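A.B. asks: how does the following fold in three dimensions:
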Amino acid sequence: MILEVLKENFDEIFFVDTEFRQDLKDKGERPSVVCAVYKGLKSQQVFKHYGDDLNKLPPCKAKRSLFVAYNVVAEAACFKNLGITIPQNWWDCFIENKKLYLGRISGGKGAYGLIRTAKRYGIECMSEDRKQWEIEQILHNPEHPIGDILNYCLQDVLTLEKVFYAQLKDIEETFTNKGPREIIQHALFHGLSMAYTAVVEHNGIPIDNFLYGEISNNFPMAKEKIVEDINSRLDVYDNGVFSQKKFKALVARLDLLDRWPCTPSGQLSTTEKVIYKFAQENETISELYFCKEFVDSQKLKGFIVGPDGRARTGLNMFGTNTGRTNQSTSRYPFNTAKPMRNIVKPNDDCALISADWKGQEIAIAAYLSNDHKMISDYRTEDIYMTIAIKSGAAPKGAIKASHPVIRNNYKVVLLATLYGQGAKSLAAQLDISIDEAVKIQQDIKNRFCIYFEWIDSLVNRAMVRGYMSTKFGWRYWISKEDKINPRSLFNFPIQAHGSEMLRLALIGLVKEDIEVNALIHDGIIVQCKSNKFHDTEKKVSQIMENASRLVMDGNVCPVDITPIKSNFKQDKEEQIKFERMMTIIRHPSNKSTGVVA
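C.D. replies: Now for the predicted structure:
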């Protein structure tokens, strides 16, 4: 049924695969395309492009054709680098595969890849070892014959075609309550968002290359000096070596010991993920995180700078269960220690626009649940202060400046309670009694009872039907064998619809030829010429607000705009850390040289 509708609506359906050389992970490179192979579903013609033919699509009207690929980001990145206008119509078998099986099969590297998916459908194809060998030849053997590469590429195209047919049948059998046009509409939306994710990766993030070089070239010396500096305050190193004993004493002093996870041997976990998590809530751990980013690394983290002098890494769209991007914490400027964002800087005669939705998660919760009290509070100047006042915890007229602790407590508890976090962990996080945490939670639950009835209903329905889904078709399956974590289910509707909002905005921005440089959870960074700043700012706000309307049934989530006309600046505390580090690096006794890439 789906295939018939696709045939009716498209002049041709092309299965496409490209082969390229690229080191995005460690060198921030754009792809150098070796070849592309296309097969028409209707015509059954095969087109092999390489050399001078690479920048051409097969004879077709791109607007009337559908392109089927496995992980569209790769093919779209190749098109972009070749100067080919990226087609609008994509079916990404990788993403559709995740919609079918995310949560139903064990994850891990390659779990949703072409080879394992083909084998799951009983399709005969090359082995994973053979595929890896072929990739290694393309990447590292310049003498590997182009004819062999084309044949390998064709084999992937033929396997893709068989997987596509099997996938359509699987979708129809799995979602008998969904019509083909709804399924196609959702697939095309998600496919195009993957194609435009490639555009963001292609653009990269403009940075201050002199500053980057200055820090990188003095990295060994900076590590030593920063350890001395931070140890004078935190005392967690012995002769430059991290001490578990001293670290445990620090965690105990911060009253975090009962919450801090341990390794199987009983020591406190010091993985980047764990420290990063606690750094978001505790200033001292944030400072330790910043220090360990340096000391535990062989080079500066957060910036993989390509040959064009721009920071670039994979965005991994749909990389989390909720469909959010999942960039590396060590390779992405906006996932690493905040002080290092100072390296981000617009090009000459340009400005960056940092745009994010104001209270996106609360807005989604309020409007999708149609909780009129939450909607009313969200529309006030400060929802957290409003709740505290209406709960009697703060006097009428209180503001953030006059009651910062109360406001922060209600902010943390509101966001955590929306996702099902308990009072005990909140009490420890906020350093308040359990009774106080229970009181704040009860204030919130009583005030927003419509929301909590709505989310309980969604979770209960998901437990019965076996999955949770957004209105745009992204879904997560609840395996019968898995131990269900209710918090992940409470979290899904808000976070997943937030990710859909980001994709809708991304598509709108790219279609307007706005240079998108970064995707950051609930925000986007774009660059424009300085003399076009106000026009671009207006367009960005309109596009992002329109995206929120599509997600929230016509309601608007306002957009906050921050202009960045020089180096990125942080909140006061983070800026102090950066300036302290630069003072160390620029001390007259140390040589420091900036290098422009």
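
A.B. asks: could I get the contacting residues of the residue nearest the centre of the chain?
C.D. replies: Central residue of the chain (C-alpha atoms, centre = their mean): residue 325, 1.9 Å from the mean position. Applying C-beta atoms under 8 Å, 6 or more residues apart in numbering, we find residue 325 in contact with 197, 315-317, 319, 499, 502, 519, 521. For every residue, glycine as well, the C-beta is placed using N, CA and C.

A.B. asks: give me that answer again for 6 Å
C.D. replies: Going by C-beta atoms under 6 Å, 6 or more residues apart in numbering, residue 325 touches 315-317, 519.

A.B. asks: low-confidence stretches in this protein?
C.D. replies: Along the chain, segments meeting pLDDT under 70 span 293-294, 297-298, 480-486, 589-597.

A.B. asks: got the domain ranges for it?
C.D. replies: For the chain, automatic domain parsing gives the domain ranges 2-203, 209-305+571-585, 372-447.

A.B. asks: so which of these is nearest residue 533?
C.D. replies: Evaluated with C-beta to C-beta, the domains of the chain place domain 2-203 nearest to residue 533, the distance being 17.6 Å.

A.B. asks: just the strands in the stretch 1-150 of the chain please.
C.D. replies: Applying DSSP state E, counting those that start in this stretch to the stretch 1-150 of the chain gives strands spanning 12-21, 32-40, 46-50, 65-69, 90-92.

A.B. asks: let's have these in JSON lines, adding mean neighbour count and distance to residue 266.
C.D. replies: As requested, the strands of the stretch 1-150 of the chain are exported to JSON lines (neighbours: other C-beta atoms under 10 Å; distance: least, C-beta to C-beta, whole Å):
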{"stretch": "strand 12-21", "mean neighbour count": "22", "distance to residue 266": "46"}
{"stretch": "strand 32-40", "mean neighbour count": "21", "distance to residue 266": "49"}
{"stretch": "strand 46-50", "mean neighbour count": "18", "distance to residue 266": "57"}
{"stretch": "strand 65-69", "mean neighbour count": "25", "distance to residue 266": "48"}
{"stretch": "strand 90-92", "mean neighbour count": "26", "distance to residue 266": "45"}
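
A.B. asks: quick one: closest of those strands to residue 375.
C.D. replies: Once the strands of the stretch 1-150 of the chain are compared by C-beta to C-beta, strand 90-92 is nearest, at 34.9 Å.

A.B. asks: give the pairing partners of that closest one; include direction for each.
C.D. replies: For strand 90-92, the paired strands and their directions (DSSP bridges) read strand 65-69 (parallel).

A.B. asks: just want the angle from the strand it pairs with to strand 12-21.
C.D. replies: Taking axes from the mean of the first three to the mean of the last three C-alpha atoms, to 10 degrees, one finds strand 65-69 and strand 12-21 inclined to each other by 40 degrees.

A.B. asks: where's strand 65-69 relative to the chain centroid, distance-wise?
C.D. replies: Distance of strand 65-69 from the chain centroid (C-alpha atoms, centre = their mean, to the nearest Å) equals 25 Å.

A.B. asks: CA atoms only: put that strand into CSV for me.
C.D. replies: Only the C-alpha atoms of strand 65-69 are listed here, as CSV (Å, rounded to 0.1, in the frame of the first residue of the first chain):
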residue,chain,number,x,y,z
SER,A,65,11.8,12.2,-7.3
LEU,A,66,12.2,10.3,-4.0
PHE,A,67,15.7,9.4,-2.8
VAL,A,68,16.0,6.4,-0.6
ALA,A,69,19.2,6.0,1.4
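
A.B. asks: can you list contacts of it?
C.D. replies: Residues outside strand 65-69 that contact it (C-beta under 6 Å, 6+ apart): 10-16, 75, 87, 89-91, 164.

A.B. asks: on that earlier part again, got the domains of the chain as TSV, with distance to residue 359 columns?
C.D. replies: As requested, the domains of the chain are exported to TSV (distance: least, C-beta to C-beta, whole Å):
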stretch	distance to residue 359
domain 2-203	23
domain 209-305+571-585	17
domain 372-447	6
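
A.B. asks: of those domains, which is nearest residue 525?
C.D. replies: Closest to residue 525 of the domains of the chain is domain 2-203 (C-beta to C-beta; 9.5 Å).

A.B. asks: distance of residue 459 relative to residue 492?
C.D. replies: As judged by C-beta to C-beta, to the nearest Å, residue 459 and residue 492 stand 9 Å apart.

A.B. asks: more neighbours: these two, which one.
C.D. replies: Comparing residue 459 with residue 492 by other C-beta atoms under 10 Å, the one with more neighbours is residue 492, at 25 against 19.
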